[in-house]
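Peer 1: give me a 3D structure for the following:
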Amino acid sequence: MSKAVEENDIDITGITGTLIWYYFVCKREVWLMSRQIVADQSDENMDWGRFLHEHAYAREKKEIAWDSIKMDAISNVKGQLVVAEVKKTSSYLTSAKMQVLFYLYSLKKAGVDAVGELRFPEEKRREAVILDEATEMKLMEAIQHIRRIIAKDSPPQPEKIKFCGKCAYREFCWA
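Peer 2: Sure thing, here's the model as predicted:
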């Protein structure tokens, strides 16, 4: 590991994969989640996500909780630990990658070597995710910014983005 990465090693206490994921979609959602403001649980996208989580890749160990992370699935492939995240669509590819990178970083801090994989069952595809120096630095920057967002007394102003129409938090922004 390079000296630059070691110097930027930061405390991840209280940060979750979900916060990382939301950060790369909508900063306002980060603030809402940090306050335990629950998204509309009856939203059809949330329902479909739960269904996929329960039924996709049924033969693997699922939802492995460790420390502040919940990984969708883990497996051992030729002696290598693989951490997988299952997503409905690749529309949020950057968010999904950063979420897996957060899991890999958390495991690395505990001395566990792993690689990541994104799975998109509806698209019948997988994508490898590897934690390297550049992605680790991007993750550290995101964590620092997340801490600044959640420290604020009020959420960031809503911004209309292409994902708003399918967001389970849309009532908090556009009602």
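
Peer 1: can you pull out the helices in this protein?
Peer 2: Counting by DSSP state H, one finds helices in the chain at the ranges 3-7, 17-23, 27-34, 44-55, 93-109, 133-151, 170-174.

Peer 1: which residues does the residue nearest to residue 139 when sequence neighbours are not counted contact?
Peer 2: Nearest non-adjacent residue to residue 139, counting by Cβ to Cβ, 6 or more residues apart in numbering: residue 101, 5.3 Å away. In short, each C-beta sits where N, CA and C put it, glycine included. When contacts are counted by Cβ atoms under 8 Å, 6 or more residues apart in numbering, residue 101 touches 20, 116, 129, 131, 135-136, 139.

Peer 1: for residue 154, the count of nearby residues, please.
Peer 2: Using other Cβ atoms under 10 Å, residue 154 has 6 other residues around it.

Peer 1: next: the one 3 residues further on.
Peer 2: By other Cβ under 10 Å, 8 other residues sit near residue 157.

Peer 1: next one: the one 3 residues further on
Peer 2: Neighbour count for residue 160, taken as other Cβ under 10 Å: 9.

Peer 1: state the distance from it to residue 120.
Peer 2: Distance from residue 160 to residue 120, counting by Cβ to Cβ, to the nearest Å: 26 Å.

Peer 1: by mean pLDDT, flag the weakest helix or strand of the chain.
Peer 2: None of the helices or strands of the chain scores lower by mean pLDDT, DSSP states H and E than helix 3-7, at a mean of 45.

Peer 1: residue 120 is in contact with residue 90, correct?
Peer 2: Yes: counting by Cβ atoms under 8 Å, residue 120 is a contact partner of residue 90 at 5.2 Å.

Peer 1: for those two, indicate the residue with more neighbours.
Peer 2: More crowded of residue 90 and residue 120, by other Cβ under 10 Å: residue 120, with 20 against 13.

Peer 1: give the bridge partners for the more buried one, please.
Peer 2: With DSSP bridges as the criterion, residue 120 is bridged to residue 125.

Peer 1: do you know how far it is from residue 70?
Peer 2: 19 Å.

Peer 1: what's the answer for residue 125, then?
Peer 2: 23 Å.

Peer 1: more neighbours, the two?
Peer 2: Higher neighbour count among residue 125 and residue 70: residue 70, with 15 against 10, using other Cβ under 10 Å.

Peer 1: nearest residue to that one in space, please, no chain neighbours.
Peer 2: Distances taken as Cβ to Cβ, 6+ apart put residue 63 closest to residue 70, at 5.8 Å, once the chain neighbours are dropped.
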